[in-house]
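Q: predicted structure and sequence below. I'll ask about it afterward.
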Amino acid sequence: MDFAIIPLSPTSSKSSPKMGSSDSSRDGSLCSEDGDKDMRQSIMVGSRLKDDVKLTDFKLLIVLGRGTFGKVYLAELGKEKHLYAIKSIRKDILIDTDQVGSTLLEKEILFSCEHPFLVSMDYLF
C-alpha cells in the first residue's frame, strides 16, 4: 500500500505530513500484525517539506472513510499534535482496475497544489 499524508489544519502545512504503506491496528499504528514487514520497507518517495518525518511518527486516531482503492485515516503528528489525513492505496487493486495513470496524475496535482482552500500533499511513501 501507499500512504498519502495531507495536512488538515492551516498550521500543519508548515510542519510534517506523510505517506506510507500498510494497514491500521487497534493501537493506532499504521501496521497490522502482518503489515509490519510492509511498514519497515516503506521509504519516502517524495516530499514538499524539509522535515525528516517517518511513517511511524504518525499516530492513527480513526478511519475517516473506506473506498475501492483503500482507506483514509485521521492521524496526529508530533508533540504539537497536528492533524493529518493519511490516504492508503492498495497497489494491487489499482493495477487490476487499470487506474495507475489516474493515481499518478492525482499525485502530481496534490504535490503541486498550494492554495489555502485546496488540499495538498506533503509526503509520499
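A: Sure, I can see it.

Q: give the next helix or strand downstream of the longest helix seen in the chain.
A: Counting by DSSP state H, the longest helix found in the chain is helix 100-112. Going down the chain from helix 100-112, the next helix or strand is strand 123-124, by DSSP states H and E.

Q: for that next one, packing partners?
A: strand 2-7, strand 46-47 (3 or more CB pairs under 8 Å, 6 or more residues apart in numbering; DSSP states H and E). Using the backbone N, CA and C atoms, a C-beta is placed for each residue, glycine as well.

Q: so where is the protein shaky, pLDDT-wise?
A: Applying pLDDT under 70 to the chain flags residues 1-2, 9-44, 50.

Q: give me the helices and strands touching the longest helix of the chain, please.
A: For helix 100-112, the packing partners by 3+ CB pairs under 8 Å, 6+ apart are strand 2-7.

Q: before we move on, back to that, how about residues contacting the longest helix of the chain?
A: 4, 6, 46, 48, 69, 89, 94, 119-121, 124 (CB atoms under 8 Å, 6 or more residues apart in numbering).

Q: which of the residues you listed ranks first by neighbour count?
A: Of the contacts of helix 100-112, Ala4 is surrounded by the most neighbours, 28 neighbours in total, counting by other CB atoms under 10 Å.

Q: what's the helix or strand for the nearest residue to that residue once chain neighbours are set aside?
A: In this structure, Ala4 finds its nearest non-sequential neighbour in Lys87, 4.0 Å apart by CB to CB, 6 or more residues apart in numbering. Per DSSP H and E: Lys87 is located in strand 82-89.
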